[in-house]
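**Q** Provided below for reference: sequence and predicted model.
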Amino acid sequence: MITREQFLLRQPSFPKVEPTDPYYYDVACKLFDLLKKSEDLDVYPDALIGRAALCIVGYLQDVIADCGVWRSFVNECRRLYGRTIPFYEIGEDYVDYELNREDVRFLMWYALSMYYEPLRLTDPLDSRFEKAADACMTLLSEVYDDAPVPEGYMRWRHVELNDPEDTKEVVELAQWLFMHSYLLTPAFALTLSEIMEDIEMPSGRSDKRGETGKDKKDFDYVMRERLDEAMQQMPTGPLAMFTGEWVTLVLGGSIPEESAAPSMQPHKYYTSFIKATGGKEIAYFQTYDELNRFFIDSLGWEADTEHLPMMKEDHDFVLLVNHDKGLLVARNVARCIAAPDNSLYDREYAATHAINLLTVRGVCPADLLHYICERGWLPDARFPGSDDTHLVADNYDFIARCYLQLYYRGD
């Protein structure tokens, strides 16, 4: 079930209770009951079904009030990818920024995948999401025309992004978007778990539960501090945008594009790397010994030394050089890269493991991922159980943003 407190925590006016909140809480509970009865979703715990229902009812509230969160997502998807939503083709009956079956289908995949680690890599085209979306649409269509406008979702309608008098409202929008909004929080779930795992109590020990009163106060204090830092420094949401970017989209409609001017002088490793590889910016090495020999013989690193010794037990290395940033080293990924001159490429291995480069944090550095995907060198990536490589190839940037977050969008 969904508790009243769980619903209210997601609302923009929390802790204030708006007159329309009981109506939408009832819709959320009906959605939960509907999804809970579905045999297709019996692999998901009740708590996950509840989160998915809250995500769908948040979308309903957003489009009825035209709050701007879903509108921002759709507009940014069109700017980035030339399509309305990832994965799914929209039909002729699709109406911008209103209730749509394709939107609900996407949100079912998004919520259930991002919130649930055991099934995190479920294929977006899995029929379970389509059936669940159809079931939800039956109820949502019944209430859509007569549902009251959710008052909490209207609160930023007249807020100006750069008006000093609206600063408090802008900050509260940022906090709600990051901490509680239906669209951003699912993608932040894994990052939140990582933060909680990493918190060290002042006593020097790790304590995730805070069993005593003092421990709980210490944990809560550190947690609030880390979340404040995350809101300032980490991307979130399905597009892995920073909180300020989301706020700018919701209130301003677009994000000013910035382009960094390239440096005139190449990085110190760039010239020697290009010379050693005959003009190529990328090289592959099966063993650590081969990699280390390249460092010494081609880049001029100190002889008779084991460089990057923490990688001695790894294999299938990739080196990528960038004119401005310098040298990047990746390990255990070369077999997935279908570059014309990569003799280590293994199609059978890549069919199973290539998707990890886009979905598992820390497997592949972002600059390398951009480099190989832009060139079509990850052709075998597919969701487990699926043979559809085109789905991944067509949506690789979105997949990487959604799953990798800071590991993809961070510098």
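**A** Structure's in. What do you need? Numbering: from 1, shown residues only.
**Q** now the lowest-mean-pLDDT helix or strand in the chain: buried residues?
**A** None of the helices or strands of the chain scores lower by mean pLDDT, DSSP states H and E than helix 213-233, at a mean of 82. By 16 or more other CB atoms under 10 Å, the buried positions in helix 213-233 come out as Asp215, Asp218, Phe219, Val222, Met223, Leu227, Ala230, Met231. For every residue, glycine as well, the C-beta is placed using N, CA and C.
**Q** closest to Ala330 among those?
**A** Ala230 (26.0 Å; CB to CB).
**Q** contacting residues for the residue lying closest to that closest one once chain neighbours are set aside?
**A** Leaving aside its chain neighbours, Ala230 sits nearest to Ile195 (6.6 Å; criterion: CB to CB, 6 or more residues apart in numbering). Listed by CB atoms under 8 Å, 6 or more residues apart in numbering, the contact partners of Ile195 are Met223, Arg226, Leu227, Ala230.
**Q** quick one, what contacts the second one?
**A** For Arg226, the residues meeting the contact criterion (CB under 8 Å, 6+ apart) are Ile195, Ile199.
**Q** what's near enough to touch Asn356?
**A** Counting by CB under 8 Å, 6+ apart, Asn356 makes contact with Val363, Cys364.
**Q** and what of Met137?
**A** Met137 is in contact with Leu99, Arg101, Val104, counting by CB under 8 Å, 6+ apart.
**Q** could I get the residues you listed as CSV with neighbour count, pLDDT and distance to Ala303?
**A** What follows is the contacts of Met137, written out as CSV (neighbours: other CB atoms under 10 Å; pLDDT from 0 to 100; distance: CB to CB, whole Å):
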residue, neighbour count, pLDDT, distance to Ala303
Leu99, 18, 97, 67
Arg101, 19, 96, 64
Val104, 22, 98, 62
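**Q** which of the residues you listed fall in strands?
**A** Within the contacts of Met137, no residue falls in strands by DSSP state E.
**Q** can you redo those as JSON lines with distance to Met264?
**A** Shown next, in JSON lines, are the contacts of Met137 (distance: CB to CB, whole Å):
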{"residue": "Leu99", "distance to Met264": "53"}
{"residue": "Arg101", "distance to Met264": "53"}
{"residue": "Val104", "distance to Met264": "51"}
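**Q** need the buried residues of helix 213-233 in a markdown table (columns: distance to Val74).
**A** Formatted as a markdown table, those follow (distance: CB to CB, whole Å):
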| residue | distance to Val74 |
| --- | --- |
| Asp215 | 44 |
| Asp218 | 42 |
| Phe219 | 38 |
| Val222 | 37 |
| Met223 | 33 |
| Leu227 | 28 |
| Ala230 | 25 |
| Met231 | 24 |
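**Q** where does this protein dip in pLDDT?
**A** 200-216, 259-263, 411 (pLDDT under 70).
**Q** strands of this structure, residue ranges please.
**A** So, for the chain - with DSSP E - the strands run 235-236, 241-242, 282-285, 317-322, 326-330.
**Q** what is the nearest of the contacts of Ile195 to Ala334?
**A** Here the nearest of the contacts of Ile195 to Ala334, counting by CB to CB, is Ala230; it sits at 33.1 Å.
**Q** how near is Val74 to Leu139?
**A** 22 Å (CB to CB, to the nearest Å).
**Q** kindly report the same for Leu161.
**A** Distance of Leu161 to Leu139, computed by CB to CB: 35 Å.
**Q** and for Leu80?
**A** Counting by CB to CB, the gap from Leu80 to Leu139 is 32 Å.
**Q** what about the two, which has more around it?
**A** Using other CB atoms under 10 Å, the more surrounded residue of Leu80 and Leu139 is Leu139, with 16 against 13.
**Q** list the residues that contact Tyr88.
**A** Glu102, Arg105, Phe106, Pro124.
**Q** turn those into TSV, columns for distance to Ser113 and neighbour count.
**A** Formatted as TSV, the contacts of Tyr88 follow (distance: CB to CB, whole Å; neighbours: other CB atoms under 10 Å):
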residue	distance to Ser113	neighbour count
Glu102	16	18
Arg105	12	23
Phe106	11	23
Pro124	8	22
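**Q** just the residues you listed: which are in helices?
**A** Glu102, Arg105, Phe106 (DSSP state H).
**Q** could you find the closest non-adjacent residue to Trp246?
**A** In space, and not counting its chain neighbours, Trp246 is closest to Leu177: 5.2 Å by CB to CB, 6+ apart.
**Q** how about the helices in the stretch 251-400 of the chain?
**A** Ranges of helices within the stretch 251-400 of the chain are 268-277, 288-297, 347-359, 366-374, 389-394, 396-404, based on DSSP state H, counting those that start in this stretch.
**Q** Pro150: which of those is closest?
**A** Across the helices of the stretch 251-400 of the chain, closest to Pro150 is helix 396-404 (CB to CB), at 26.2 Å.
**Q** can I get the CA coordinates of the closest one in PDB?
**A** What follows is helix 396-404, C-alpha atoms only, in PDB (Å, rounded to 0.1, in the frame of the first residue of the first chain):
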ATOM      1  CA  TYR A 396      23.000   5.200 -26.200                       C
ATOM      2  CA  ASP A 397      23.400   8.700 -24.900                       C
ATOM      3  CA  PHE A 398      20.100   8.600 -23.000                       C
ATOM      4  CA  ILE A 399      20.900   5.100 -21.500                       C
ATOM      5  CA  ALA A 400      24.300   6.300 -20.400                       C
ATOM      6  CA  ARG A 401      22.900   9.500 -18.800                       C
ATOM      7  CA  CYS A 402      20.100   7.600 -17.000                       C
ATOM      8  CA  TYR A 403      22.200   4.800 -15.600                       C
ATOM      9  CA  LEU A 404      25.600   6.400 -15.200                       C
END
